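J.: Structure of the sequence below:
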Amino acid sequence: MTWKTKLITGAAALAFAWPGLAAADEATDARIRALEEQLATLQAQLADLKTSTASNIADVRKEATATTVSLANGRPTLSSADGAFTASIRGVFQLDAARYDQAGAGPLGADFRRGSLGDAGEADHARDLSDGANFRRARLGIEGKAFGAFDYNFLYDFGGSGTEEAGKISAAWVQYGFPVAGLKLRIGAFSPPSGLDEAVSTNGSLFVERASPAETVRAIAAGDGRTSIALLAGGDNWTGTAAITGNVIGTSSFDEQTAFVGRLTYAPLRRGDALVHVGVNTSIVINPAASGPDVAGAPAATNVRLRDRPEIRVDGARLIDTGNIDADGLTVWGGEFGAQWKNLYVQTEYFDIKVDRKGALGDADFSGWYAQGAWTITGEPRRYSAGTFDAPRPARPFDLKKGQWGAWELGLRYSRLDLNHLAGAPGTAPTAGAIRGGEQEIWTLGLNWYVNNVLRFQAAYQDVSVDRLSPGGTAFGAGALTPPAGAQVGQDFKIYSLRTQYAF
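T.: Residues are numbered from 1 along each chain as shown. Okay, here's the model as predicted:
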């Protein structure tokens, strides 16, 4: 076949196939357009997904860094989302009103009732204790957590004992929690627990004041605003505290007091509705505060002093008082017992106080104890935690519409504090080394109404007996301020009181 023939034949075949090739091209174009549309749809969906994901991530980040605000039981609290930082505002006011039922006052030369040694003002008040009202505590502060492992607390008090005092620091401390069960290190100003009655918050105490023996021991090396460094530990059924303490903030001395405060508690029985608590405590004044500069050959006196008021603070007079005792140190040993069965509770403490006096006078020994119990009429038990008994929570907070009346509690206490050492007989002069600090006994009957978790009222009746002999000389002041040696400077009287408390 010639080339002409081949050319003619190929042209004819191409002409014959052309319609099929054209149709194939059109199909391919259609598939390409469909793929392009699908790609555009996928791109749009991907863009929507990116936008949605970015929005969700922003929401998650916002939630992760959000600060929450709560108002549980009226207490404002701020918290970071992870709980590493918290800040709670705390507040309490306690308004006490009291009436002292005592014999009428007479002139200084005939009426020998007295208060603190060397205090003319208390000599007047002891003969006519002041009826009235007083803000025992008016506190505002903040507490919380920082960086997860640190706790902090700052509490400022505008109340006082007998009068509304100038504002003072009640607590200011920071605490680190070690990654060991219950072990914490606390530094600042606070009251390390010196006993069972001291350890309970005043917001939840059975009576308006601690028992006089416990309060007296507390004042030796613990108490509000005491500069301290302490190790605290505890588990479900035990607690332990060891603290080194100094002066109370605002108390100035030439050389600051140095003391040790320790406490160990254990609950050998704690199941169902039954509980038993036992404990021991000690307060040791290693170096009493110096009253002046240490001059060569004439060292300054290093005094300790024990004194207390009746178990109410509307009038500030202290009716038992050892006066200043020049001492090398002081040691207190205390024993604790508490028990609870359902809505019945009892607790008691005994304290032995030994003062290591300078010179040849020998040690002086004092003692005190108390026993108290309560019955919650409405059935709620007192709460036990961290080695102490706290107030019951009303199961049915006061609500007239629902016919609910909160929780009601009856309490009874007897306390005895003996600050006499070789006191001698009435009408006699004191022997060398004698300390006529006095002996105070108090019976207290109380009724507490817990309206809700923040408001409560406490009514109480006290029968007070103070037996105390005059040291003579100028112990209370010159002239008629000091009754003759051996004269009775104590007294018996009764107190009716009411506390209104709001705490959050």
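J.: Just checking: what are the partner strands of the helix or strand harbouring Leu155?
T.: With elements delineated by DSSP states H and E, Leu155 resides in strand 150-157, which encompasses its position. Strands adjacent to strand 150-157 in the sheet, as given by DSSP bridges, are strand 132-146 (antiparallel), strand 168-177 (antiparallel).
J.: Gly292 is nearest to which of these?
T.: strand 168-177 (25.0 Å; C-beta to C-beta). C-beta coordinates here come from the backbone N, C-alpha and C atoms, glycine included.
J.: Show me which residues of the strand holding Leu155 are buried.
T.: For strand 150-157, burial by neighbour count (16 or more other C-beta atoms under 10 Å) applies to Asp151, Tyr152, Asn153, Phe154, Leu155, Asp157.
J.: and if you look at stretch 83-93?
T.: By neighbour count with 16+ other C-beta under 10 Å, stretch 83-93 contains the buried residues Phe85, Thr86, Ala87, Ser88, Arg90, Gly91, Val92, Phe93.
J.: Return it as CSV; C-alpha atoms alone will do.
T.: Presented in CSV, the C-alpha positions along stretch 83-93 are these (Å, rounded to 0.1, in the frame of the first residue of the first chain):
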residue,chain,number,x,y,z
GLY,A,83,-7.8,25.2,93.7
ALA,A,84,-4.1,26.2,94.1
PHE,A,85,-5.2,29.7,95.3
THR,A,86,-8.0,30.5,97.6
ALA,A,87,-9.0,33.5,99.7
SER,A,88,-11.8,33.5,102.2
ILE,A,89,-13.0,36.5,104.1
ARG,A,90,-13.6,35.7,107.8
GLY,A,91,-15.5,37.8,110.3
VAL,A,92,-16.9,37.5,113.8
PHE,A,93,-18.5,39.7,116.4
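J.: Quick one: residues in contact with it.
T.: Among residues not part of stretch 83-93, those counted as contacts by C-beta atoms under 8 Å, 6 or more residues apart in numbering are 75-80, 135, 137-148, 155, 159, 203, 501-504.
J.: quick one: Lys37 from Ala487, how far?
T.: Just to correct that, residue 37 is Glu rather than Lys. From Glu37 across to Ala487, the span is 115 Å (C-beta to C-beta, to the nearest Å).
J.: Please identify which of the two sits among more neighbours.
T.: A side-by-side neighbour count of Glu37 and Ala487, using other C-beta atoms under 10 Å, places Ala487 first with 16 against 10.
J.: gap between Tyr100 and Leu419?
T.: Per C-beta to C-beta, Tyr100 is found 21 Å from Leu419.
J.: Neighbour count: those two, which is higher?
T.: Between Tyr100 and Leu419, counted using other C-beta under 10 Å, Leu419 has the larger neighbour count: 25 against 22.
J.: Identify the residues contacting that one.
T.: Counting by C-beta under 8 Å, 6+ apart, Leu419 makes contact with Leu306, Arg307, Ile320, Asp321, Thr322, Phe366, Ile435, Gly437, Gly438, Glu439, Gln440.
J.: Just the ones of those in helices?
T.: Among those, no member is found in helices (DSSP state H).
J.: export those residues to TSV and tack on neighbour count, distance to Ser252 and pLDDT?
T.: Rendered in TSV, the data for the contacts of Leu419 read as follows (neighbours: other C-beta atoms under 10 Å; distance: C-beta to C-beta, whole Å; pLDDT from 0 to 100):
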residue	neighbour count	distance to Ser252	pLDDT
Leu306	24	21	98
Arg307	20	19	98
Ile320	26	26	98
Asp321	25	21	98
Thr322	22	22	98
Phe366	23	26	98
Ile435	23	26	98
Gly437	26	25	98
Gly438	24	28	98
Glu439	20	32	98
Gln440	27	29	98
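J.: tell me the two of these that are most distant?
T.: Longest distance between any two of the contacts of Leu419 is 14.6 Å, between Ile435 and Gln440; criterion C-beta to C-beta.
J.: returning to what we had before: right, and out of the contacts of Leu419, which lies closest to Arg313?
T.: Each of the contacts of Leu419 was scored against Arg313 by C-beta to C-beta, and Arg307 proved nearest at 13.7 Å.
J.: quick revisit: would a markdown table of the contacts of Leu419 with distance to Glu336 be doable?
T.: Shown next, in a markdown table, are the contacts of Leu419 (distance: C-beta to C-beta, whole Å):
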| residue | distance to Glu336 |
| --- | --- |
| Leu306 | 20 |
| Arg307 | 23 |
| Ile320 | 23 |
| Asp321 | 26 |
| Thr322 | 24 |
| Phe366 | 18 |
| Ile435 | 27 |
| Gly437 | 24 |
| Gly438 | 25 |
| Glu439 | 22 |
| Gln440 | 21 |
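J.: Could you pull out the helices in the stretch 201-350 of the chain for me?
T.: If you assign secondary structure with DSSP state H, counting those that start in this stretch, the helices in the stretch 201-350 of the chain sit at 212-221.
J.: now swap in the stretch 1-150 of the chain and tell me
T.: If DSSP H, counting those that start in this stretch is used as the criterion, the helices of the stretch 1-150 of the chain fall at 3-64, 120-127.
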